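**Student:** fold the following, please.
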Amino acid sequence: MKLEDALRKIRLLRAVKQENGASEAEVVSAANLVQSLMDRFAVRPEDAAPVRPPIFRMSWVYWEQLCNEYGLELKRFGKRGSARIGSDRLVLMRLETGEWRVQRSAHGLDETIAHDRGVETLRIYLNHHASRIYSLARKGPEVYRSR
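**Tutor:** Purely as a prediction, here's the structure:
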C-alpha cells in the first residue's frame, strides 16, 4: 500500500459515523483503523484532512435490519423505501439523504407526524411508537409475518 492509498482510506474511514447509518461498533472499528494507518504511515492529522466533503453512500442493509427488529416489512423502489407501522402509519425513507418521515392516514388525509435523518433517530422513534417482536427459540428479534 502506498501513502496515497492510506490517505484515501483514512479520509473514507472518517466518514463512517452513526449519523450516516453506521453502528457504534463500526464507528469504533473505523476510528481504530484510521489510527493504525496514521501510525503505520506516519501521517499527520493535517495531511489527512478531507479535500472535499466526503460522500457516504448508505445501503438498504441498515434500514432492513432496523425494520426486521420491529417486525416491519421494508418495501423499496430505487432509492426510496417504506414500511407500514400498524394500519394507519407509514414510514417513508430516502436512501441518498438518510431522511425519513412518518405519515398517518386518517379520513383520506396524510399527516406527517415525525421526521428526521438517520437510522438511529428512526430507532429512537420506533422504540417509543412500535413494539419489537422476539422469538423464544432464537436469540434476538425475529420478524413475524402473517400468512
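**Student:** now the strands: where do they sit in the protein?
**Tutor:** 75-77, 80-85, 89-94, 99-106, 109-117 (DSSP state E).
**Student:** now for the spatially most central residue of the chain: which residues touch it?
**Tutor:** The chain has residue 21 as the residue nearest its centroid, 2.7 Å off, counting by CA atoms, centre = their mean. Contact partners of residue 21, counting by CB atoms under 8 Å, 6 or more residues apart in numbering, are 56, 58, 62, 63, 98, 118, 119. (Each C-beta comes from the backbone N, C-alpha and C, glycine too.)
**Student:** quick one: it from residue 86, how far?
**Tutor:** Separation of residue 21 from residue 86 (CB to CB, to the nearest Å) stands at 25 Å.
**Student:** just the buried positions in the helix ranked longest in the chain, please.
**Tutor:** Assignment by DSSP state H gives helix 24-40 as the longest helix of the chain. By neighbour count on 16 or more other CB atoms under 10 Å, the buried set for helix 24-40 is 27, 30, 34, 37, 38.
**Student:** show me which of the residues you listed is closest to residue 7.
**Tutor:** Using CB to CB, residue 37 comes nearest to residue 7 of the buried residues of helix 24-40, at 8.6 Å.
**Student:** I'd say the closest one and residue 8 touch.
**Tutor:** No. Contact criterion CB atoms under 8 Å: residue 37 and residue 8 do not qualify, at 10.2 Å.
**Student:** make a PyMOL selection of the buried ones in the contacts of residue 21.
**Tutor:** A single PyMOL command selects the buried members of the contacts of residue 21 (16+ other CB under 10 Å):
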select buried, resi 58+62+63+98+118+119
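**Student:** in CSV, list the contacts of residue 21 along with pLDDT and distance to residue 92.
**Tutor:** Output for those, formatted as CSV (pLDDT from 0 to 100; distance: CB to CB, whole Å):
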residue, pLDDT, distance to residue 92
56, 55, 21
58, 74, 15
62, 90, 16
63, 92, 11
98, 89, 12
118, 89, 14
119, 90, 14
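**Student:** now the two most distant members of the contacts of residue 21.
**Tutor:** Going by CB to CB, the pair spanning these furthest: 56 and 63, at 14.5 Å.
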